[in-house]
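Student: What follows is a predicted structure for the sequence shown.
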Amino acid sequence: MTGPNSTPGPGPNDADRLERARRIDWRLLLPDPSPGRVGLAGEPDARLAAALTDAGWEPVALDEARAAHDGPGDTSGLDLVVAVAPTARGLVAGIGAVRPGGWLYAECHGLATRRGRRGALGPAVVVARLRRAGFDPVRLQVQAPAGAPKVIVPIDGPAALRLFLERRRGMLGRAPVVAGLELARRAGLVTRLAPLVSVVARRPGAEAGGPVRDAVSEHLDGLAPARHGPASPAPLLLTPRFKASANVIALVPGENPREPAIVVKVARHGGAGEAADREAAALRALHDTAAGPRDGPRLIDIGLPWGLPTIVETAVPGRPLAPAVVAADPERALTLGLRWLVSLVGGADSSTPAGGRLDRLVCPQLDRYVETIAATEDEGRLVAVTRSSAAFLRGVALPRVMEHGDASHPNLIELAEGRLTAVDWELGEADGLPGHDLSAFLAYVAIARAGARTPAAQGAAVVDAALGGAGWADRTAAAYAAAAGIDPAILPRLAAIAWARQVMGLVDRLHGGPAATVTRDVKAWLAGHRYVAAWRAAVETVERAGEVAT
């Protein structure tokens, strides 16, 4: 699917580019993360320089020794300076190089992680020197964990900090701990003790207007002030590390301190417009049904601010159907999941021969997989059985299904009314195939029941459920087939197709070029992924049943 936000993809080395792009997720802390001239100070960081270059910035290295004595020279007038573990010299060079109205971003290590970084300044010192130099505003954030941040929490945004603590649950979510951390925040202890603190500061310029804040808040305020109030609160930024994850997710606090009100998804590169368009279409279709709107997020806006595909939607209040919740009561989780899966199936009048959907959703992807991955004999067998299954189902009348595409944690949310719904519809498909989300959901339950954490253990749990005759899985699948009005005998074929599509989706997100460009580490990662294990198990089930067409 293509649309107004579809731009050419980043090419066959998307996996490498996505990995580098995670290094600059902090750019959303700027009011405008559009590229310009950027200076690098402090510790050398080749990945940082590469990520900035990928994003269209023009990096230049600052001469810290010269700047400490003579000023920044011809490196002045930069739109942004990035200082990693800055020393006194590096900070002087950075401060002098920023143009009026430009920004300085610094990563400062706390007391526990500053050891071994000779001369590196702590965040309090950096803040004091920036303020003395006239920088305003000066904002601070905690990035955790320090090595590969999964979250960026604004220290001066108490609502976002509270939201972060609530999401952590456990000890951190308890009222006394929340109150204690709020006191520590006000006293500046969080800044001193956090492993990694980032500082974002602006050199005043000729620009006039209201307070200058982060990109997400600026974007929301520009969309519809009446909807969001005069000033959107600073968001909590989630920076997923999953290899194929292409988005930074901003959770914007609302009136309820325990729940976000708005979710903003910003693509890490400009080539992700197709995914944003697909999610927008899925959200529209989710609520545009003859039976009335379904549960789930609602689309607010989609656009290309800063050249990055961005989608804004309402948050869904509720409790995640986390692995621990599933493991504590698997039967209840299965009941909730089955009811939700059935709600996504169209009525009997929506049934049409599956050929058109197979031609659109399955066959081209299989062709691309064969072209992209140098197929082994085993991979060729998986493709052959999947093609045979698609050929068998071509003339079978199947109901129209609203597919989610990733029916697992953390996308599944239990509402207060005791119903299940889902968020993150970027893999959604309004005219999909039955059994697609069923396969993913049953695999998730198998993983949660087994307490599997590693890729190998997760794959083993899925295979065991598929081939070991798990009664709970068979009962749920049979109930789904009955409610959807499909022959249960075709479920193995649908499962093989579903897992093939999941694997194809990973390949498409990581690589768009010929087989020669697929790196060995990505091939190895795919080979050990639970999706491949599940695909192989589903194909084996089809073969055991003797259903492969000859």
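Tutor: Sure, I can see it.

Student: so A15 touches H511, yeah?
Tutor: Yes. Here A15 reaches H511: they are 6.6 Å apart, a contact under C-beta atoms under 8 Å. In short, each C-beta sits where N, CA and C put it, glycine included.

Student: intersection of neighbour lists for the two?
Tutor: By the contact definition C-beta atoms under 8 Å, 6 or more residues apart in numbering, A15 and H511 are jointly contacted by V522.

Student: Have a look at these two and say which one is more surrounded.
Tutor: H511 (25 against 20; other C-beta atoms under 10 Å).

Student: ok, the residue nearest to A461 when sequence neighbours are not counted to G528 distance?
Tutor: Ranked by C-beta to C-beta, 6 or more residues apart in numbering and with sequence neighbours excluded, the top spatial neighbour of A461 is A450, at 3.9 Å. Distance, A450 to G528, using C-beta to C-beta, to the nearest Å: 17 Å.

Student: More neighbours: these two, which one.
Tutor: A direct count of neighbours by other C-beta under 10 Å for A450 and G528 places A450 higher, at 17 against 14.

Student: give the contact list for the more buried one.
Tutor: Contacts of A450 by C-beta under 8 Å, 6+ apart are 457, 460-461, 464.

Student: got a winner among those residues for most neighbours?
Tutor: Using other C-beta under 10 Å as the neighbour test, the contacts of A450 are led by A461, with 25 neighbours.

Student: Tell me the helices and strands packed up against the strand or helix carrying that residue.
Tutor: Element membership for A461, per DSSP states H and E: helix 455-467. Applying 3 or more C-beta pairs under 8 Å, 6 or more residues apart in numbering; DSSP states H and E, one finds that helix 455-467 contacts helix 436-450, helix 530-544.

Student: Report the angle between that helix and helix 436-450.
Tutor: For helix 455-467 against helix 436-450, the angle by axes from the mean of the first three to the mean of the last three C-alpha atoms, to 10 degrees is 120 degrees.

Student: Can you pull out the low-pLDDT segments for the stretch 301-450 of the chain?
Tutor: Residues of the stretch 301-450 of the chain that meet the criterion pLDDT under 70 lie in 374.

Student: Check which residues of stretch 531-540 are buried.
Tutor: 531-540 (16 or more other C-beta atoms under 10 Å).

Student: Pick the one among these closest to P260.
Tutor: Using C-beta to C-beta, Y531 is the member of the buried residues of stretch 531-540 that lies nearest P260, at 29.1 Å.

Student: who are the neighbours in contact with that closest one?
Tutor: 499, 502-503, 506.

Student: Would you format these as JSON lines with secondary structure and distance to Q143 included?
Tutor: As requested, the contacts of Y531 are exported to JSON lines (DSSP: H, G, I helix; E, B strand; the rest coil; distance: C-beta to C-beta, whole Å):
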{"residue": "W499", "secondary structure": "helix", "distance to Q143": "36"}
{"residue": "Q502", "secondary structure": "helix", "distance to Q143": "31"}
{"residue": "V503", "secondary structure": "helix", "distance to Q143": "33"}
{"residue": "L506", "secondary structure": "helix", "distance to Q143": "27"}
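
Student: Farthest pair within those residues?
Tutor: W499 and L506 (11.0 Å).

Student: Tell me how far L251 lies from L165.
Tutor: L251 is 13 Å from L165, by C-beta to C-beta.

Student: now A450
Tutor: Counting by C-beta to C-beta - A450 and L165 are separated by 30 Å.

Student: G546 now?
Tutor: According to C-beta to C-beta, G546 stands 55 Å off from L165.

Student: which residues sit against stretch 492-506?
Tutor: With C-beta under 8 Å, 6+ apart, stretch 492-506 has contacts from 244, 358, 361-362, 365-366, 368-369, 382-383, 385-386, 389-390, 392-393, 405, 427, 433-436, 438-440, 466, 526, 529, 531-532, 534-535, 538-539, 541-542, 545, 547.

Student: Can you give the distance of it from its chain's centre?
Tutor: Mean-position distance between stretch 492-506 and its chain equals 21 Å (C-alpha atoms, centre = their mean, to the nearest Å).

Student: Ok, stretch 401-408 next?
Tutor: Worked out by C-alpha atoms, centre = their mean, stretch 401-408 lies 16 Å from the chain centre.

Student: what about it, how long is it end to end?
Tutor: End-to-end span of stretch 401-408 (C-alpha to C-alpha, to the nearest Å): 18 Å.

Student: And for stretch 84-104?
Tutor: Using C-alpha to C-alpha, the two ends of stretch 84-104 sit 11 Å apart.

Student: how far does that stretch sit from the chain's center?
Tutor: 31 Å.
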